[in-house]
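A.B. asks: just coords:
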């Protein structure tokens, strides 16, 4: 399997006017190989350059509603009865946008699997848990789905907001003098933030639980209970402590998530990691920040030039 450095060396060795065609052909070949190895399935790779371009605006690196346009563009013309393999690389994004993407994919394909070559965090984890199975390598990671709220120029954990209000209530009830300490803190959060945070937690957890019950755990007599249990684990920021915490395949499997090991098929691992490395080279060497790419050679790309 060519390493990232090998592929980059090959890319740079191409004449300037042939680099686009070279990388295009290599990506489509890798995606086609993946489809063949997965039994003739259709393949889409969705990824963003959040690692290569950390200063890019959120719309250029995160899952947003605009991505639905890209998904529709690359799905166009596919044979929907063959099942979909989604290669996913994302730091997460807007919960409602993830819901829209899942709803559209599941309306087209009866069977959806997700392969995570490196990162599928937050809303990316939500999309992964809406699949029939997830393929993870040793290096792959999911993350907590604890929704983030924007305010004051920064993002805060919805679970942290709820827990902070709970802590304030306990301490004030135990000692009324503590009200003087907590008053400015609670006031800075805004009067509606607690309810917004609780709504966000309930919404994301309920949605993921329903997806798990309907797809991954379909046919099981305990599908509803299992879906609720797994969704609760992934939404439990009290346990995870960090929104960016790594949830690897062993932990996911221990919770009952249907996980396949990427290394169990060396040809598949080579094709997946080649496609992933090629995508990261595009992000590093061009102005592209987000892309969807299909095995039948349809693309949607978002660019940002610093």
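C.D. replies: Sure thing, it's come through. This is a predicted model, so every value here is computed, not measured.
A.B. asks: can you give me the strands for this structure?
C.D. replies: Applying DSSP state E to the chain gives strands spanning 42-48, 84-89, 112-116, 133-136, 148-151, 154-157, 259-261, 288-294, 299-303.
A.B. asks: Please tabulate those in TSV, including the columns mean neighbour count.
C.D. replies: Using the backbone N, CA and C atoms, a C-beta is placed for each residue, glycine as well. Formatted as TSV, these follow (neighbours: other CB atoms under 10 Å):
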stretch	mean neighbour count
strand 42-48	26
strand 84-89	25
strand 112-116	25
strand 133-136	23
strand 148-151	15
strand 154-157	15
strand 259-261	17
strand 288-294	24
strand 299-303	16
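A.B. asks: So for residue 15, which of the ones you listed sits nearest?
C.D. replies: strand 288-294 (19.8 Å; CB to CB).
A.B. asks: Now do the closest one against strand 299-303, angle only.
C.D. replies: Computed by axes from the mean of the first three to the mean of the last three CA atoms, to 10 degrees, the angle separating strand 288-294 from strand 299-303 equals 170 degrees.
A.B. asks: Report the strands that pair with strand 288-294, each with its relative direction.
C.D. replies: strand 42-48 (antiparallel), strand 299-303 (antiparallel) (DSSP bridges).
A.B. asks: TSV for these, including distance to residue 225 and mean pLDDT?
C.D. replies: Below are the strands paired with strand 288-294 laid out as TSV (distance: least, CB to CB, whole Å; pLDDT from 0 to 100):
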stretch	distance to residue 225	mean pLDDT
strand 42-48	31	97
strand 299-303	38	94
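A.B. asks: Let's have the ones you listed in a markdown table, adding distance to residue 279.
C.D. replies: Formatted as a markdown table, the strands paired with strand 288-294 follow (distance: least, CB to CB, whole Å):
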| stretch | distance to residue 279 |
| --- | --- |
| strand 42-48 | 5 |
| strand 299-303 | 11 |
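A.B. asks: Which of those strands sits closest to residue 60?
C.D. replies: Using CB to CB, the strands paired with strand 288-294 put strand 299-303 closest to residue 60, at 5.8 Å.
A.B. asks: chain center to the closest one: distance?
C.D. replies: Relative to its chain's centre, strand 299-303 lies at 18 Å (CA atoms, centre = their mean, to the nearest Å).
A.B. asks: With stretch 280-293 instead?
C.D. replies: Relative to its parent chain, stretch 280-293 has a centroid offset of 17 Å by CA atoms, centre = their mean.
A.B. asks: And for stretch 262-274?
C.D. replies: Chain-centre distance of stretch 262-274: 20 Å, with CA atoms, centre = their mean.
A.B. asks: same thing with stretch 296-306?
C.D. replies: 18 Å.
A.B. asks: same question, stretch 283-295
C.D. replies: Stretch 283-295 sits 16 Å away from the centroid of its parent chain (CA atoms, centre = their mean).
A.B. asks: Can you lay out the strands of the chain as TSV showing distance to residue 194?
C.D. replies: Putting the strands of the chain into TSV (distance: least, CB to CB, whole Å) gives the following:
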stretch	distance to residue 194
strand 42-48	31
strand 84-89	32
strand 112-116	33
strand 133-136	33
strand 148-151	10
strand 154-157	12
strand 259-261	36
strand 288-294	33
strand 299-303	35
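A.B. asks: What is the burial count for residue 92?
C.D. replies: When neighbours are defined as other CB atoms under 10 Å, residue 92 has 27 of them.
A.B. asks: who touches it in this structure?
C.D. replies: Listed by CB atoms under 8 Å, 6 or more residues apart in numbering, the contact set of residue 92 reads 62-63, 121-125, 143.
A.B. asks: Just the helices from the protein, written as ranges.
C.D. replies: Here the chain has its helices, by DSSP state H, at 4-13, 19-37, 58-61, 67-75, 95-108, 123-128, 158-174, 179-189, 193-211, 223-234, 237-240, 249-254, 266-285.
A.B. asks: so what does the second one touch, helix or strand wise?
C.D. replies: When contacts are defined as 3 or more CB pairs under 8 Å, 6 or more residues apart in numbering; DSSP states H and E, helix 19-37 packs onto helix 4-13, strand 42-48, strand 84-89, helix 266-285, strand 288-294.
A.B. asks: of the contacts of residue 92, closest to residue 34?
C.D. replies: residue 124 (18.5 Å).
A.B. asks: Verify the contact between that closest one and residue 86 for me.
C.D. replies: No - with contacts counted by CB atoms under 8 Å, residue 124 stays clear of residue 86, the gap being 10.3 Å.
A.B. asks: helices and strands of this protein: which one bottoms out on pLDDT?
C.D. replies: Here the helix or strand of the chain ranked lowest by mean pLDDT, DSSP states H and E is strand 148-151, holding a mean of 59.
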